[in-house]
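[1] sequence first, predicted model second:
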Amino acid sequence: MNENITPIDPIAISLGPIQVHWYGVIIGLGIALGLYLVIRESKRLGLHPDTFIDLLVWAIPIAIICARAYYVIFEWDNYYADHPGDIIKVWNGGIAIHGALIGSVLTTIVFAKIKGLSFWKLVDIAAPSLILGQAIGRWGNFVNQEAHGGEVSRAFLENLMLPDFIINQMYINGVYYHPTFLYESLWSFAGLILLLVLRRKASSLRRGELFLTYVIWYSIGRFFVEGLRTDSLMMGSLRFAQVISIVLIIGAIGVFFYRRKAGLAKKAYDEKTDSVNA
(Lines give C-alpha, C1' and ligand atoms only; values in the text may rest on other atoms or scores of the structure.)
Protein backbone atom coordinates (compact mmCIF):
# COMPACT_ATOMS: atom_id res chain seq x y z
CA MET A 1 0.00 0.00 0.00
CA ASN A 2 2.76 2.45 0.86
CA GLU A 3 4.21 2.30 -2.65
CA ASN A 4 0.92 3.69 -4.02
CA ILE A 5 0.91 6.83 -1.87
CA THR A 6 1.24 9.92 -4.03
CA PRO A 7 2.21 13.19 -2.34
CA ILE A 8 0.28 16.40 -2.95
CA ASP A 9 1.52 18.24 -6.02
CA PRO A 10 3.28 21.38 -4.71
CA ILE A 11 2.18 23.26 -7.83
CA ALA A 12 -1.37 24.59 -7.52
CA ILE A 13 -1.75 26.03 -11.04
CA SER A 14 0.32 25.83 -14.22
CA LEU A 15 -0.29 28.35 -16.98
CA GLY A 16 2.29 27.60 -19.62
CA PRO A 17 5.68 28.51 -18.17
CA ILE A 18 4.03 30.15 -15.15
CA GLN A 19 3.66 27.96 -12.07
CA VAL A 20 1.81 28.97 -8.92
CA HIS A 21 2.98 26.95 -5.92
CA TRP A 22 0.72 25.98 -3.04
CA TYR A 23 3.38 27.33 -0.68
CA GLY A 24 2.89 30.84 -2.05
CA VAL A 25 -0.90 30.49 -2.13
CA ILE A 26 -0.98 29.45 1.53
CA ILE A 27 1.39 32.22 2.62
CA GLY A 28 -0.74 34.70 0.67
CA LEU A 29 -3.88 33.41 2.40
CA GLY A 30 -2.25 33.90 5.79
CA ILE A 31 -1.29 37.47 4.89
CA ALA A 32 -4.79 38.26 3.59
CA LEU A 33 -6.58 36.93 6.69
CA GLY A 34 -4.06 38.65 8.93
CA LEU A 35 -4.68 41.94 7.14
CA TYR A 36 -8.42 41.48 7.66
CA LEU A 37 -7.92 41.09 11.42
CA VAL A 38 -5.59 44.09 11.56
CA ILE A 39 -8.01 46.37 9.70
CA ARG A 40 -10.93 45.39 11.95
CA GLU A 41 -9.00 45.99 15.16
CA SER A 42 -7.33 49.19 14.00
CA LYS A 43 -10.76 50.66 13.22
CA ARG A 44 -12.01 49.70 16.68
CA LEU A 45 -9.03 51.37 18.34
CA GLY A 46 -9.31 54.57 16.35
CA LEU A 47 -6.36 53.99 14.04
CA HIS A 48 -6.97 54.56 10.33
CA PRO A 49 -6.70 51.24 8.43
CA ASP A 50 -4.49 52.92 5.82
CA THR A 51 -1.83 53.20 8.52
CA PHE A 52 -1.41 49.43 8.59
CA ILE A 53 -1.63 49.10 4.84
CA ASP A 54 1.22 51.62 4.57
CA LEU A 55 3.17 49.64 7.17
CA LEU A 56 2.58 46.30 5.48
CA VAL A 57 3.76 47.63 2.11
CA TRP A 58 7.19 47.79 3.75
CA ALA A 59 6.92 45.12 6.44
CA ILE A 60 5.86 42.18 4.25
CA PRO A 61 8.71 42.29 1.70
CA ILE A 62 11.28 43.14 4.38
CA ALA A 63 10.01 40.28 6.57
CA ILE A 64 10.25 37.83 3.65
CA ILE A 65 13.76 39.02 2.77
CA CYS A 66 14.89 38.74 6.40
CA ALA A 67 13.24 35.33 6.78
CA ARG A 68 15.00 34.04 3.69
CA ALA A 69 18.34 35.64 4.60
CA TYR A 70 18.16 34.10 8.09
CA TYR A 71 17.62 30.64 6.59
CA VAL A 72 20.25 31.01 3.87
CA ILE A 73 22.91 32.21 6.33
CA PHE A 74 22.52 29.09 8.46
CA GLU A 75 22.37 26.79 5.44
CA TRP A 76 25.13 28.51 3.46
CA ASP A 77 27.84 25.91 4.03
CA ASN A 78 25.40 23.01 3.76
CA TYR A 79 23.79 24.02 0.47
CA TYR A 80 23.72 27.60 -0.79
CA ALA A 81 27.48 28.07 -1.19
CA ASP A 82 27.26 25.53 -4.01
CA HIS A 83 23.80 26.58 -5.24
CA PRO A 84 23.63 30.41 -4.99
CA GLY A 85 21.04 30.52 -7.76
CA ASP A 86 18.56 28.78 -5.44
CA ILE A 87 18.60 31.62 -2.92
CA ILE A 88 15.69 33.36 -4.65
CA LYS A 89 13.57 30.19 -4.88
CA VAL A 90 11.45 30.92 -1.82
CA TRP A 91 8.55 28.96 -3.31
CA ASN A 92 10.46 25.79 -2.49
CA GLY A 93 10.36 26.68 1.20
CA GLY A 94 13.18 27.73 3.44
CA ILE A 95 12.05 30.87 5.22
CA ALA A 96 12.59 31.23 8.95
CA ILE A 97 9.86 32.67 11.17
CA HIS A 98 12.38 34.21 13.55
CA GLY A 99 13.96 36.06 10.64
CA ALA A 100 10.53 37.32 9.57
CA LEU A 101 9.80 38.47 13.11
CA ILE A 102 13.08 40.38 13.30
CA GLY A 103 12.37 42.10 9.99
CA SER A 104 8.80 42.96 10.97
CA VAL A 105 9.73 44.41 14.35
CA LEU A 106 12.58 46.52 12.96
CA THR A 107 10.34 47.85 10.19
CA THR A 108 7.61 48.70 12.71
CA ILE A 109 10.07 50.54 14.96
CA VAL A 110 11.21 52.74 12.06
CA PHE A 111 7.64 53.23 10.79
CA ALA A 112 6.36 54.22 14.23
CA LYS A 113 9.15 56.78 14.61
CA ILE A 114 8.48 58.32 11.20
CA LYS A 115 4.70 58.47 11.69
CA GLY A 116 4.80 59.53 15.35
CA LEU A 117 2.81 56.49 16.46
CA SER A 118 3.11 54.14 19.41
CA PHE A 119 5.21 51.10 18.51
CA TRP A 120 3.49 49.08 21.22
CA LYS A 121 0.04 49.93 19.91
CA LEU A 122 0.98 48.84 16.41
CA VAL A 123 2.46 45.49 17.46
CA ASP A 124 -0.45 44.82 19.84
CA ILE A 125 -2.91 45.22 17.00
CA ALA A 126 -0.74 43.04 14.76
CA ALA A 127 -0.12 40.22 17.29
CA PRO A 128 -3.22 38.09 16.51
CA SER A 129 -2.53 38.50 12.79
CA LEU A 130 1.07 37.39 13.21
CA ILE A 131 0.18 34.18 14.99
CA LEU A 132 -2.70 33.50 12.57
CA GLY A 133 -0.29 33.89 9.66
CA GLN A 134 2.12 31.46 11.30
CA ALA A 135 -0.66 28.93 11.96
CA ILE A 136 -1.73 29.02 8.31
CA GLY A 137 1.77 29.28 6.88
CA ARG A 138 2.87 25.97 8.41
CA TRP A 139 0.52 24.23 5.99
CA GLY A 140 2.81 25.43 3.23
CA ASN A 141 5.51 23.32 4.89
CA PHE A 142 3.03 20.45 4.89
CA VAL A 143 2.55 20.62 1.12
CA ASN A 144 6.31 20.86 0.56
CA GLN A 145 6.92 17.92 2.93
CA GLU A 146 9.38 19.93 4.99
CA ALA A 147 9.78 21.09 8.61
CA HIS A 148 8.79 17.60 9.76
CA GLY A 149 10.03 15.61 12.73
CA GLY A 150 11.74 12.28 13.12
CA GLU A 151 10.62 8.87 11.92
CA VAL A 152 7.41 7.34 13.27
CA SER A 153 5.18 4.46 12.26
CA ARG A 154 1.91 4.77 10.37
CA ALA A 155 0.20 3.27 13.41
CA PHE A 156 1.52 6.16 15.52
CA LEU A 157 -0.02 8.69 13.15
CA GLU A 158 -3.29 6.77 13.00
CA ASN A 159 -3.42 6.73 16.81
CA LEU A 160 -3.33 10.54 16.67
CA MET A 161 -6.62 10.24 14.73
CA LEU A 162 -5.20 12.23 11.84
CA PRO A 163 -7.01 12.20 8.49
CA ASP A 164 -5.46 10.11 5.73
CA PHE A 165 -4.37 13.10 3.66
CA ILE A 166 -2.06 14.24 6.48
CA ILE A 167 -0.78 10.74 7.22
CA ASN A 168 -0.08 10.10 3.54
CA GLN A 169 1.73 13.41 3.08
CA MET A 170 3.99 12.49 5.99
CA TYR A 171 5.15 9.44 4.01
CA ILE A 172 8.42 10.64 2.49
CA ASN A 173 10.91 8.42 0.67
CA GLY A 174 9.52 5.26 2.23
CA VAL A 175 9.31 6.57 5.82
CA TYR A 176 6.61 8.22 7.95
CA TYR A 177 7.53 11.33 9.94
CA HIS A 178 6.22 13.42 12.84
CA PRO A 179 3.84 16.09 11.46
CA THR A 180 5.56 18.86 13.42
CA PHE A 181 4.03 21.43 11.08
CA LEU A 182 0.65 20.38 12.50
CA TYR A 183 1.78 20.57 16.13
CA GLU A 184 3.02 24.12 15.63
CA SER A 185 -0.02 25.13 13.60
CA LEU A 186 -2.43 23.90 16.30
CA TRP A 187 -0.35 25.60 19.01
CA SER A 188 -0.53 28.84 17.04
CA PHE A 189 -4.29 28.57 16.53
CA ALA A 190 -4.65 28.04 20.30
CA GLY A 191 -2.48 31.13 20.78
CA LEU A 192 -4.77 33.10 18.47
CA ILE A 193 -7.76 32.18 20.64
CA LEU A 194 -5.81 33.19 23.76
CA LEU A 195 -4.93 36.59 22.29
CA LEU A 196 -8.50 37.26 21.16
CA VAL A 197 -9.79 36.39 24.65
CA LEU A 198 -7.17 38.57 26.36
CA ARG A 199 -8.05 41.42 24.04
CA ARG A 200 -11.52 41.48 25.56
CA LYS A 201 -9.94 41.90 29.02
CA ALA A 202 -8.60 45.27 27.90
CA SER A 203 -9.26 46.96 31.25
CA SER A 204 -6.43 44.99 32.87
CA LEU A 205 -4.26 44.67 29.75
CA ARG A 206 -1.60 47.33 29.28
CA ARG A 207 -0.38 48.48 25.91
CA GLY A 208 2.37 46.20 24.61
CA GLU A 209 1.36 43.23 26.72
CA LEU A 210 -0.69 41.48 24.05
CA PHE A 211 2.36 41.42 21.78
CA LEU A 212 4.59 40.21 24.61
CA THR A 213 2.07 37.44 25.34
CA TYR A 214 2.25 36.42 21.69
CA VAL A 215 6.06 36.28 21.83
CA ILE A 216 6.01 34.15 24.99
CA TRP A 217 3.28 31.79 23.79
CA TYR A 218 4.76 31.18 20.37
CA SER A 219 8.28 30.73 21.75
CA ILE A 220 7.17 28.11 24.28
CA GLY A 221 5.53 26.04 21.56
CA ARG A 222 8.40 26.51 19.13
CA PHE A 223 10.94 25.37 21.74
CA PHE A 224 9.25 22.00 22.20
CA VAL A 225 8.31 21.44 18.55
CA GLU A 226 11.85 22.28 17.44
CA GLY A 227 13.15 19.43 19.57
CA LEU A 228 11.26 16.99 17.33
CA ARG A 229 12.40 18.40 13.99
CA THR A 230 15.12 16.90 11.82
CA ASP A 231 15.91 20.02 9.77
CA SER A 232 16.75 22.47 12.55
CA LEU A 233 19.12 25.33 11.82
CA MET A 234 22.13 24.57 13.99
CA MET A 235 24.64 26.70 15.86
CA GLY A 236 27.31 24.15 16.67
CA SER A 237 25.50 21.43 18.59
CA LEU A 238 22.59 23.70 19.53
CA ARG A 239 19.27 24.06 17.75
CA PHE A 240 19.29 27.79 17.12
CA ALA A 241 15.50 28.16 17.16
CA GLN A 242 15.44 26.71 20.68
CA VAL A 243 18.13 29.14 21.82
CA ILE A 244 16.23 32.07 20.30
CA SER A 245 12.98 30.84 21.86
CA ILE A 246 14.51 30.81 25.35
CA VAL A 247 15.97 34.28 24.81
CA LEU A 248 12.61 35.60 23.61
CA ILE A 249 10.70 34.08 26.54
CA ILE A 250 13.08 35.53 29.11
CA GLY A 251 13.29 38.84 27.27
CA ALA A 252 9.52 39.24 26.88
CA ILE A 253 8.87 38.42 30.55
CA GLY A 254 11.60 40.85 31.56
CA VAL A 255 10.17 43.64 29.39
CA PHE A 256 6.68 42.95 30.75
CA PHE A 257 7.67 43.41 34.39
CA TYR A 258 10.14 46.22 33.68
CA ARG A 259 7.49 48.30 31.89
CA ARG A 260 5.03 47.74 34.73
CA LYS A 261 7.54 48.56 37.46
CA ALA A 262 8.97 51.59 35.66
CA GLY A 263 5.54 53.02 34.96
CA LEU A 264 5.95 52.71 31.21
CA ALA A 265 2.81 50.62 30.77
CA LYS A 266 0.30 53.30 31.72
CA LYS A 267 -1.99 53.13 28.73
CA ALA A 268 -4.70 50.47 28.53
CA TYR A 269 -4.65 48.22 25.49
CA ASP A 270 -7.83 49.73 24.04
CA GLU A 271 -7.06 53.40 24.76
CA LYS A 272 -7.48 55.29 21.51
CA THR A 273 -4.59 57.76 21.74
CA ASP A 274 -2.04 57.35 18.95
CA SER A 275 0.79 59.28 20.58
CA VAL A 276 4.31 57.94 20.13
CA ASN A 277 4.71 58.20 23.89
CA ALA A 278 1.72 56.00 24.62
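    Arrived safely. Numbers count the residues shown, from 1 in each chain.
[2] please enumerate the strands of the stretch 151-278 of the chain.
    For the stretch 151-278 of the chain, the strands defined by DSSP state E, counting those that start in this stretch cover 151-152, 171-172, 175-177, 234-235, 238-239.
[3] quick one: closest of these to Pro7.
    Taking CB to CB, strand 171-172 is the member of the strands of the stretch 151-278 of the chain nearest to Pro7, at 7.6 Å. For the C-beta atoms, the positions are set from N, CA and C on the backbone; glycine is no exception.
[4] re earlier: in TSV, list the strands of the stretch 151-278 of the chain along with mean pLDDT, mean neighbour count and distance to Ala265.
    Output for the strands of the stretch 151-278 of the chain, formatted as TSV (pLDDT from 0 to 100; neighbours: other CB atoms under 10 Å; distance: least, CB to CB, whole Å):
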stretch	mean pLDDT	mean neighbour count	distance to Ala265
strand 151-152	96	15	44
strand 171-172	96	16	47
strand 175-177	96	18	43
strand 234-235	80	13	33
strand 238-239	88	14	33
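[5] low-confidence ranges in this protein?
    For the chain, residues meeting the criterion pLDDT under 70 lie at 1-3, 272-278.
[6] list the contacts of Leu56.
    For Leu56, the contacting residues are 35, 38, by CB atoms under 8 Å, 6 or more residues apart in numbering.
[7] quick one: it is in a helix?
    Yes - under DSSP: H, G, I helix; E, B strand; the rest coil, Leu56 falls within a helix.
[8] where's Leu117 relative to Ile244, distance?
    Counting by CB to CB, to the nearest Å, the gap from Leu117 to Ile244 is 27 Å.
[9] same question for Gly16.
    For Gly16, the distance to Ile244 - CB to CB - is 42 Å.
[10] between these two, which one's more packed in?
    Comparing Gly16 with Ile244 by other CB atoms under 10 Å, the one with more neighbours is Ile244, at 22 against 5.
[11] what's near enough to touch the more buried one?
    Contacts of Ile244 by CB under 8 Å, 6+ apart are 98, 219.
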